[in-house]
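# below is the sequence, then the predicted model.
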Amino acid sequence: MTRALERLNTDQQQAVTTAAAQALVLAGAGSGKTRVLVHRIAWCLEQGLAAPTGILAVTFTNKAAAEMRGRIEALLNRPLGGMWVGTFHGIAHRLLRAHWREARLSEQFQIIDADDQQKMLRRVIRGLDLDEEQWQAKEAQWFISARKDEGLRPDKLHDGDDPGMKTMIHIYRSYQEACERASLVDFGELLLRAYELWRDTPGLLRHYRERFFHVLVDEFQDTNALQYSWLRLLVGESANFFAVGDDDQSIYSWRGAQVENMQRFRRDYPQHALIRLEQNYRSTGTILDAANALISNNTARLGKKLWTNGQRGEAIKLYAAYNDIDEARYCVDRIRLWHDDGDRFAESAILYRTSAQSRVMEDALRQAEMPYRVHGGFKFYERAEVKDALAYLRLMHNRQDDPAFERIINTPTRGIGNRTVDEIRNTARLERLSLWEAAVRLIAARELGARAAGMLGSFLRLIDLAAEQLQGLALDSMLDTVIEHSGLVEHYRKEKGDRGLDRIDNLAELVSAARDFVPDENTEELPLVAAFLSHAALEAGEGQGSEFDDCVQLMTLHAAKGLEFTNVLIVGVEEGLFPHSRSISDPNQLEEERRLCYVGVTRARQRLVMSFAESRRLHGSDYYPQPSRFLREFPSELIEEIRVGGAPTVQAVRETEANGLRLGQRVLHRTFGEGIVLHLEGRGAHTRVQVNFPGGVKWLVAAYAALEAM
DNA sequence: AGGTCGGATCTTTTT
DNA sequence: GATCCGACCT
């Protein structure tokens, strides 16, 4: 009996055994999507359709890649044996390392994270003598990343006689030149280079096409234009392409993901098999009915309806809180009851739309002395002190690494001031040199004051000398040496409060991370230092440990995708917050918010609680939001409303609507013209409406404004 | 060179 | 309300 088909339902078996070269699996939440992918691989191997070396499996997150790797090995009961399993970025990185010459990269190239990228852009913008108010690094970063995700280089862009666009393109070009000079590659660049590598090197493409005849992609709905082109290039017309995804869980369009890739796949591969996995093994019937009803309000879906053989389960609880603090208290009470009934804390998750909402929850949890863990937020390798120490290592590894140079030139402070650094920057820009080279030249040319030259010289010597001492050391001793020579520990010791001590602890943690570091199969060919630096950039690492402790789980709805919990509480289900005010006026963004809600609802196995507050403190002032429109999209028989104070019920909101006003509705005003309703506040004669008119956003009292519905 | 103060900003953030 | 940034002061 084949292991590949063990414990699969008929739809899953159909997907796993499909004879079609290209298959698109529409896998609903909780329908066993990763399972199907893993079993598909086992099937191909068992049937002799592929050798391990012929398989490439791609996902988005390191976590998902690690899980996939583990599950494949467990199912096959042996190591991967030459299979490539990784994230898009990890695989792209592996290709670029293997073919750095063809990719026109330096052998020493390093990866910069979003933070370094932004700093670099700030420098570029300054160097171009542009007004930093008008040309913000953040916006330029967004622009450049978006263009790279579309596969566009500066010379492929047209300014359309728009001076703003012209400048943006100019910034893009200058930034790219700066990266090349410093041998640096940002996240988008990894993908774009890897794509161009294949596109422009036919021999290489042929090699990989012959090798990877089986390409499998998880979370296909999250691919961007470039990732799709890259896959398409590899697969060509005839290779096996197994894509698993769920259009209803597409929640990353704001960072370039294109659900349209699912339709594109269907057009590009007319012979494909389309398989739906609709049987859900996770949630109760009640939860699935709610999820189905909610998502049916979206248009342009590929269509899918989840069902289960399981139990109906409890009604969904909807708590109308007096305010955000009351909401948090309710959540804590609720979790306490579940815990008393025997659920572990870790089986309960609190999900929210924005990270800012975690604070009130944390306060309540701490007060109740309930253990909790906040997911997301600061990652280990993103901490300033860790990046400082790594910057030393990076600069010793590659003197052209400008962001590393900038980061540590005066950290810890060593008497090299802004004037000197500016001088170096200018020289670097004018002479097209790296900062390091510019510094060397300035000293040689005696163009600096004696004091500055002395300080700078000793900094350069410090790096050179330490770099020499590192030769032949083990990775953790290297970091130990670097940390010692840099004087970082002394530097942080001076910082007041416990913060400095935390930082020193983290440096020690970095050394032990280096000691325990084992490259995965995507980086094992590299020198250990390079592998470690790449690892630090590509895998920022979770924040604080405690992963195995029994804690209540707190995270944003985005971060919850792919996870499941016995008990889920979705809080702040209010207009303006969820859906977020920034998404309300755009129908596409609104649908994405609804998908986000769908993702949240389908995380729950047994029990789902949603809540909204009558008033909420946000950005330091009080808001009086309406319950979210999403709440009205759930069939009322599935919901049990819980009300303590005088909070408005969803029923009351339905009455307000009966007055003819609805959120998102087009209305006509005698003097302001046509607009869209953004907010509703209060009830009956006191109803106030916020409307987005062409002339700006206005608050009106509904009773007087005589708005006409359109 | 480093500290302090005022002002602007405040969605989500796989890599 | 918190944080991040830049300008200004010491």
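Sure thing, it's come through.
# got the residues of the stretch 201-350 of chain A near DNA strand B?
Proximity of the stretch 201-350 of chain A to DNA strand B (Cβ under 7 Å from any atom of the strand) is limited to residues A:219, A:222, A:252, A:254, A:255, A:257. C-beta coordinates here come from the backbone N, C-alpha and C atoms, glycine included.
# isn't the third one up against residue A:219?
Right, residue A:252. No - contact status for residue A:252 versus residue A:219: not in contact, 9.2 Å apart, counting by Cβ atoms under 8 Å.
# neighbour count winner among these two?
More neighbours surround residue A:219 than the other of residue A:252 and residue A:219, with 24 against 19 (other Cβ atoms under 10 Å).
# can you check the pLDDT for the nearest residue to that one once chain neighbours are set aside?
Once flanking residues are discounted, residue A:219 sits nearest to residue A:60: 5.4 Å by Cβ to Cβ, 6 or more residues apart in numbering. On pLDDT, residue A:60 comes in at 92.
# count of neighbours near the residue of the stretch 601-710 of chain A found nearest DNA strand C?
Closest contact between the stretch 601-710 of chain A and DNA strand C, by Cβ to the nearest atom of the strand, is at residue A:620 (2.6 Å). If you count neighbours by other Cβ under 10 Å, residue A:620 ends up with 5.
# what parts of the stretch 1-150 of chain A come near DNA strand C?
So far as Cβ under 7 Å from any atom of the strand goes, the stretch 1-150 of chain A lies against DNA strand C at A:122, A:132.
# up against DNA strand B, what does the stretch 1-150 of chain A have?
Counting by Cβ under 7 Å from any atom of the strand, the stretch 1-150 of chain A sits next to DNA strand B at A:60, A:61, A:62, A:63, A:87, A:89, A:90, A:113, A:114.
# JSON lines for those residues, including secondary structure and neighbour count?
JSON lines is the format used below for those (DSSP: H, G, I helix; E, B strand; the rest coil; neighbours: other Cβ atoms under 10 Å):
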{"residue": "A:60", "secondary structure": "coil", "neighbour count": "21"}
{"residue": "A:61", "secondary structure": "coil", "neighbour count": "15"}
{"residue": "A:62", "secondary structure": "helix", "neighbour count": "19"}
{"residue": "A:63", "secondary structure": "helix", "neighbour count": "14"}
{"residue": "A:87", "secondary structure": "strand", "neighbour count": "20"}
{"residue": "A:89", "secondary structure": "helix", "neighbour count": "23"}
{"residue": "A:90", "secondary structure": "helix", "neighbour count": "24"}
{"residue": "A:113", "secondary structure": "coil", "neighbour count": "18"}
{"residue": "A:114", "secondary structure": "helix", "neighbour count": "15"}
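# ok, so of those, who is nearest DNA strand C?
Distances from DNA strand C to those, taken by Cβ to the nearest atom of the strand, are shortest for residue A:114, at 11.7 Å.
# the closest one is in contact with residue A:187, isn't it?
Yes - between residue A:114 and residue A:187 there is a contact under Cβ under 8 Å: 7.1 Å.
# pLDDT below threshold where in the stretch 51-200 of chain A?
Nowhere does the stretch 51-200 of chain A drop to pLDDT under 70.
# my read: residue A:16 touches residue A:35, true?
No - between residue A:16 and residue A:35 there is no contact under Cβ under 8 Å: 9.1 Å.
# before we move on, back to that, for the residues of the stretch 1-150 of chain A next to DNA strand B, give me a markdown table that also has distance to residue A:231.
Shown next, in a markdown table, are those (distance: Cβ to Cβ, whole Å):
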| residue | distance to residue A:231 |
| --- | --- |
| A:60 | 13 |
| A:61 | 17 |
| A:62 | 19 |
| A:63 | 21 |
| A:87 | 13 |
| A:89 | 14 |
| A:90 | 15 |
| A:113 | 24 |
| A:114 | 24 |
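# name the residues contacting each of residue A:16 and residue A:35.
residue A:8 (Cβ atoms under 8 Å, 6 or more residues apart in numbering).
# the two - which one has more neighbours?
Set side by side, residue A:16 and residue A:35 show more neighbours around residue A:16, with 25 against 20, by other Cβ under 10 Å.
# residues touching that one, list them.
Per Cβ under 8 Å, 6+ apart, neighbours of residue A:16: A:4, A:5, A:8, A:36, A:39, A:40, A:43.
# what's around the residue in the stretch 401-550 of chain A that DNA strand B sits nearest to, how many residues?
Of all residues in the stretch 401-550 of chain A, the one sitting closest to DNA strand B is residue A:417 (1.4 Å; Cβ to the nearest atom of the strand). Counted by other Cβ under 10 Å, the residues lying close to residue A:417 total 13.
# I figured it hits residue A:424, correct?
No - judged on Cβ under 8 Å, residue A:417 makes no contact with residue A:424 at a distance of 11.3 Å.
# residue A:196 and residue A:108: what is the separation?
When distance is defined by Cβ to Cβ, to the nearest Å, residue A:196 is 20 Å away from residue A:108.
# my bad, residue A:552
45 Å.
# more neighbours: these two, which one.
Ranked by neighbour count (other Cβ under 10 Å), residue A:552 and residue A:108 place residue A:552 first, with 26 against 15.
# check contacts around the more buried one.
So residue A:552 contacts A:335, A:345, A:346, A:348, A:349, A:350, A:365, A:370, A:371, A:372, A:373 (Cβ under 8 Å, 6+ apart).
# beta partners for it?
residue A:372 (DSSP bridges).
# centre of the chain to the longest strand seen in chain A, how far?
Of all segments of type strand in chain A, defined using DSSP state E, the longest is strand A:604-618. For strand A:604-618, the separation from the chain centroid amounts to 24 Å (computed by Cα atoms, centre = their mean, to the nearest Å).
# using CSV, list the CA coordinates for that strand.
Output of strand A:604-618 as CSV, limited to C-alpha atoms (Å, rounded to 0.1, in the frame of the first residue of the first chain):
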residue,chain,number,x,y,z
ALA,A,604,-11.3,28.6,15.2
ARG,A,605,-11.8,24.9,15.8
GLN,A,606,-14.5,24.9,18.5
ARG,A,607,-15.4,28.3,19.7
LEU,A,608,-15.5,31.8,18.2
VAL,A,609,-16.1,35.0,20.0
MET,A,610,-16.2,38.4,18.4
SER,A,611,-16.5,41.7,20.1
PHE,A,612,-16.8,45.4,19.5
ALA,A,613,-16.7,48.4,21.8
GLU,A,614,-19.0,51.3,22.2
SER,A,615,-16.1,53.6,22.8
ARG,A,616,-12.4,53.1,22.2
ARG,A,617,-9.3,55.1,22.9
LEU,A,618,-7.2,55.4,19.8
